[in-house]
Structure formats: structure tokens, C-alpha cells
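> Here's my sequence, what's the structure:
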Amino acid sequence: MTDVPMGIWASNGQGVAAWLRINFKKEYQITKILYKDRDNSYQRNKRLSLTFSDGQSIKEDLKNTEKIQRLKAKAFVTKEITFTVEEVYTTINNGMALQIWGIPCTAQKGQVMLEPTTKVHLKCRDSLINNVKIQKRLIR
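Numbers count the residues shown, from 1 in each chain. Below you'll find the predicted structure:
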């Protein structure tokens, strides 16, 4: 798979149990994941599991559509995410395209964060409320 805009990963004749692992260079607090299935309706996934570097795992049910879907997974702190196909609508060369947003866990005082948020996270495992308080102190 190449990390290019509009790139879609495809398995080689796999469906259930096909997986894709995304490794980050450092820890991120995940804020949003957008998912796009293959355009061909014979190559779409129905259910995914997402496993994070700390071992936590969640399931995501997907609609049978070529439209972009927002996954429920957010606020996880991780260095990697493994997307595993649990169930399919049909199988040929199932795959997916992903957009993952997150905040680096190493933000420093005065560092500017770009979209999707401008909150400064000094400690990724702090609550978002604590981080808003920290940001207000830094702005003063």
C-alpha cells in the first residue's frame, strides 16, 4: 500500500481475516477516522475490528456503500492501529481507504496544532477537559 491521497488498499483475493496495520512514528491521541470501502460492491467489508497498540480492540459495523463513513473510534492513545476484516458483504479483493486524524502526544508549550483541533495536549492520557485548562493557561 502506498500512502497517497485517494489511495485504496486492496487484498489479494482475501475477505474475512484480511488486515492492515498502520504504524505511527510516535504516540497519537486519535480524534477521527474516516473509512471508505471499495467502489465495487463485490469488494466491500461489513464489519471491522480495530486493535490499538495497548491491546484494546473495538468493532465497527459498516454500511454497504462507496460513500465515506466516520468510524466511532476516537480518543484512543496509540502508536499503531490494526484494521482486521471480521465480516464481508462479498469477497473478491476486499480493501479500504482511511484518513486518520490525531494529536501528537509530545506537544510542547507554544506549539501550534493544525486541523482538526487547536487544543494543545501536553499529556495525551489527560482528559480533554484538563487539556483545555492547560491550553487556556498557555494562551495567557
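
> List the buried residues in the lengthiest strand in the chain.
In the chain, with assignment by DSSP state E, the single longest strand is strand 19-36. When neighbours are counted by 16 or more other CB atoms under 10 Å, the buried residues of strand 19-36 are found to be 20, 22, 24, 27-31, 33, 35-36. Glycine gets a C-beta too; all of them are placed from N, C-alpha and C.

> Could you export these as JSON lines, including distance to Thr91 and pLDDT?
Formatted as JSON lines, the buried residues of strand 19-36 follow (distance: CB to CB, whole Å; pLDDT from 0 to 100):
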{"residue": "Leu20", "distance to Thr91": "16", "pLDDT": "91"}
{"residue": "Ile22", "distance to Thr91": "22", "pLDDT": "91"}
{"residue": "Phe24", "distance to Thr91": "29", "pLDDT": "90"}
{"residue": "Glu27", "distance to Thr91": "34", "pLDDT": "88"}
{"residue": "Tyr28", "distance to Thr91": "32", "pLDDT": "88"}
{"residue": "Gln29", "distance to Thr91": "34", "pLDDT": "87"}
{"residue": "Ile30", "distance to Thr91": "28", "pLDDT": "89"}
{"residue": "Thr31", "distance to Thr91": "32", "pLDDT": "88"}
{"residue": "Ile33", "distance to Thr91": "23", "pLDDT": "92"}
{"residue": "Tyr35", "distance to Thr91": "18", "pLDDT": "94"}
{"residue": "Lys36", "distance to Thr91": "18", "pLDDT": "92"}
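
> Tabulate these in JSON lines, adding columns for distance to Ile58.
Output for those, formatted as JSON lines (distance: CB to CB, whole Å):
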{"residue": "Leu20", "distance to Ile58": "16"}
{"residue": "Ile22", "distance to Ile58": "15"}
{"residue": "Phe24", "distance to Ile58": "18"}
{"residue": "Glu27", "distance to Ile58": "18"}
{"residue": "Tyr28", "distance to Ile58": "16"}
{"residue": "Gln29", "distance to Ile58": "15"}
{"residue": "Ile30", "distance to Ile58": "11"}
{"residue": "Thr31", "distance to Ile58": "15"}
{"residue": "Ile33", "distance to Ile58": "11"}
{"residue": "Tyr35", "distance to Ile58": "13"}
{"residue": "Lys36", "distance to Ile58": "19"}
